[in-house]
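K.L.:
let me see the structure of the following:
(chains A, B, C and D)
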There are 2 protein chains.
Amino acid sequence: MLEAAVQRGRQLPTGVALMRAGDPMAALFVVRSGSAKRYSVTLQGAEQVHGFVLPGEAVGLEGFASGRYTCEVSALEPLSYCRVPMRRLEPLLERLPGLRREILRLLGQALEESQRLRCELAQIDARGRVAHFLADLSGRLARRGLSPVEFRLSMSRADIARHLGLTLETVSRALSTFKREGWLRVRARDISVLRPDALTALGGGLA
Amino acid sequence: MLEAAVQRGRQLPTGVALMRAGDPMAALFVVRSGSAKRYSVTLQGAEQVHGFVLPGEAVGLEGFASGRYTCEVSALEPLSYCRVPMRRLEPLLERLPGLRREILRLLGQALEESQRLRCELAQIDARGRVAHFLADLSGRLARRGLSPVEFRLSMSRADIARHLGLTLETVSRALSTFKREGWLRVRARDISVLRPDALTALGGGLA
DNA sequence: CGCGAAAATTGATCTGTGTCAAGTCCTGAC
DNA sequence: GTCAGGACTTGACACAGATCAATTTTCGCG
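P.N.:
Numbering: from 1, shown residues only, chains lettered A, B, ... in the order given. Just a heads-up that it's a prediction; the model follows:
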């Protein structure tokens, strides 16, 4: 029954927006493959990167606040995704207690995640933040059965920097340091983690 | 019918915990008067302050993620609050679409808020963060009909610092600067905002 | 394959904030 | 009222990271 509410197999080319800030929240999305950037643009035109969406992750939950999306989400590489229209979802929430619990769980998780991230990033230095970012990415990839030690960054250094509250130079320097320390291999956007323990140690005790 | 599910008129003295990290999520809470600090303690024993709870605000929503609370909440001053046991709330979610939407809205709002805060804090300097903090507090007090220009901080400088990712010295210096600039009066924990426009300007375009 | 533009690296310098260290001001208890 | 201990302020200094600038690398495209 939930199946019937899901529109599968949608595609989006690189750079195109999945949603725009201010749009009415017509649907929830789940990314199936590819990745996306969640961001918003300040009045002064600066881009604030909220985070990145990986396969298996949901997008659009903040829309529950006001019925409108509050940030832009655009594809960093060709994206395939599912779409769950709110019109179909809402009636199901009445009949399926399990689905209700699942949606609440997703929201709670996103909330907890966001708060944890904020506190962690606020307390650690630049190298720690970059390590934390890599550790987080690695863990999320692993959850989807992808390699946690060999992966390709779909986002630019500038995106990473804006996400972590650093400059792109500092991100670059952190990566170079890790490389020099011998536990990370970096070639452009290809990353190899040679010693995962070093990553988690620096990342500030990420699970 | 929702009324019957709410336990009203509960009290808590200063310093006592409303919930502990790891406790099963037995209830949601809504603060009626007083204020509280939301925080967690790292493995190294450092305290990370997630935020502060003011009258009219809900606590415990992150519990939806796993069925357990994920942070400590303790009273900064004598607290009165309502308690909504999950046992009573869950059956109501089935029958009351309005309540369902309200809970989703609350969660969405908390999520959006948390993400916005993280991005804003990551990009601005120490004085901006302190101004932002005051502007946020001021706005939330105003929403409850309290004065947005004259209020008393219930939290210490150290709490504010840990919340903003600064040191207490830097918070203190920022407040002193504002005082010297003539648009804020600070006497210990009593705050008077003489020029609210200066606050919002520095705070980074807070609504 | 090679060109050009964008992305990333690396270096030099400067500034904001953390750190350490006195000191002063509150506040609550007696 | 006064005393003690914690909270807060202020100052001096060091250093991480921002900024500015110059290359180098990567990658899409003809």
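
K.L.:
mind listing what's buried in stretch A:154-163?
P.N.:
Neighbour-count burial for stretch A:154-163, with 16 or more other C-beta atoms under 10 Å in any protein chain shown as criterion, is recorded at A:154-155, A:157, A:159-163. C-beta: built from backbone N, CA, C; applies to glycine.

K.L.:
tell me which of those is nearest to A:Phe133?
P.N.:
A:Ile160 (6.3 Å; C-beta to C-beta).

K.L.:
SS state for that closest one?
P.N.:
Here A:Ile160 is recorded as helix under DSSP: H, G, I helix; E, B strand; the rest coil.

K.L.:
for the closest residue to it other than its chain neighbours, helix, strand, or coil?
P.N.:
Excluding the flanking residues, the one nearest A:Ile160 by C-beta to C-beta, 6 or more residues apart in numbering or on different chains is A:Val171, at 5.1 Å. Secondary structure, three-state DSSP: A:Val171 is helix.

K.L.:
for chain B, see how far away A:Val171 is.
P.N.:
For A:Val171, the distance to chain B equals 13 Å [C-beta to the nearest C-beta, to the nearest Å].

K.L.:
how near is that residue to DNA strand D?
P.N.:
Remark: distance between A:Val171 and DNA strand D (C-beta to the nearest atom of the strand, to the nearest Å) = 8 Å.

K.L.:
what distance do you get for A:Ser35 to A:Leu18?
P.N.:
In this view, A:Ser35 and A:Leu18 are 11 Å apart by C-beta to C-beta, to the nearest Å.

K.L.:
my error: substitute A:Pro24 in the last question.
P.N.:
14 Å.

K.L.:
now swap in A:Gly56 and tell me
P.N.:
Here A:Gly56 is placed at a distance of 15 Å from A:Leu18 (C-beta to C-beta).

K.L.:
who has more neighbours out of those two?
P.N.:
Neighbour tally, A:Gly56 and A:Leu18, criterion other C-beta atoms under 10 Å in any protein chain shown: the higher count belongs to A:Leu18, 23 against 15.

K.L.:
hmm, the one helix or strand that one maps to touching chain B?
P.N.:
Using DSSP states H and E, A:Leu18 sits in strand A:17-19. No. Strand A:17-19 does not reach chain B (C-beta under 8 Å from any C-beta of the partner chain); its nearest approach is 13.7 Å.

K.L.:
what residues does the helix or strand following that strand touch?
P.N.:
Counting by DSSP H and E, the element after strand A:17-19 in chain order, helix or strand, is strand A:27-33. By C-beta atoms under 8 Å, 6 or more residues apart in numbering or on different chains, the surrounding residues in contact with strand A:27-33 are A:18-19, A:53-61, A:63, A:73, A:79-86, A:89.

K.L.:
anything in the helix or strand following strand A:27-33 near DNA strand C?
P.N.:
Remark: after strand A:27-33, the chain's next helix or strand is strand A:36-41, criterion DSSP H and E. No. Using C-beta under 7 Å from any atom of the strand, strand A:36-41 stays clear of DNA strand C, coming no nearer than 12.4 Å.

K.L.:
what residues sit buried inside stretch A:84-96?
P.N.:
A:84, A:86, A:89, A:92-93.

K.L.:
what sits up against it?
P.N.:
A:1-2, A:4-7, A:25-30, A:99-100, A:103, B:94, B:97, B:100.

K.L.:
what comes up buried for the strand or helix carrying A:Ala110?
P.N.:
Using DSSP H and E, A:Ala110 sits within helix A:97-123. Using 16+ other C-beta under 10 Å as the test for burial, helix A:97-123 gives A:99-100, A:103-104, A:106-122.

K.L.:
and stretch A:40-49, by the same measure?
P.N.:
Neighbour-count burial for stretch A:40-49 [16+ other C-beta under 10 Å]: A:40, A:48-49.

K.L.:
what's the end-to-end length of it?
P.N.:
7 Å (C-alpha to C-alpha, to the nearest Å).

K.L.:
quick one: mean pLDDT over it.
P.N.:
Mean pLDDT, computed over stretch A:40-49, is 87.

K.L.:
tell me the residues on chain A that lie near DNA strand C, please.
P.N.:
Going by C-beta under 7 Å from any atom of the strand, the residues of chain A near DNA strand C are A:153, A:156-158, A:168-169, A:171-173, A:175-176, A:186, A:188-189.

K.L.:
look up how far A:Ala46 lies from A:Glu62.
P.N.:
With C-beta to C-beta as the criterion, A:Glu62 and A:Ala46 are 20 Å apart.

K.L.:
hang on, the earlier thing: can I get the buried residues of stretch A:154-163 in JSON lines with pLDDT?
P.N.:
Formatted as JSON lines, the buried residues of stretch A:154-163 follow (pLDDT from 0 to 100):
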{"residue": "A:Ser154", "pLDDT": "94"}
{"residue": "A:Met155", "pLDDT": "95"}
{"residue": "A:Arg157", "pLDDT": "95"}
{"residue": "A:Asp159", "pLDDT": "96"}
{"residue": "A:Ile160", "pLDDT": "96"}
{"residue": "A:Ala161", "pLDDT": "96"}
{"residue": "A:Arg162", "pLDDT": "95"}
{"residue": "A:His163", "pLDDT": "95"}
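
K.L.:
so which of the buried residues of stretch A:84-96 belong to helices?
P.N.:
Counting by DSSP state H, the part of the buried residues of stretch A:84-96 found in helices is A:86, A:89, A:92-93.

K.L.:
beta-bridge partners for the residue most central in space within chain A, please?
P.N.:
Centroid-nearest residue in chain A, with C-alpha atoms, centre = their mean: A:Phe52, separated by 2.6 Å. As for beta bridges, A:Phe52 partners with A:Lys37 under DSSP bridges.

K.L.:
show the contacting residues for it.
P.N.:
Per C-beta under 8 Å, 6+ apart, neighbours of A:Phe52: A:35-38, A:76, A:137, A:154-155, A:159, A:163.

K.L.:
again, only using 10 Å
P.N.:
Residues in contact with A:Phe52, defined by C-beta atoms under 10 Å, 6 or more residues apart in numbering or on different chains, are A:35-39, A:73, A:76, A:133, A:136-137, A:140, A:153-155, A:159-160, A:163.

K.L.:
number of nearby residues for A:Gly15?
P.N.:
11.
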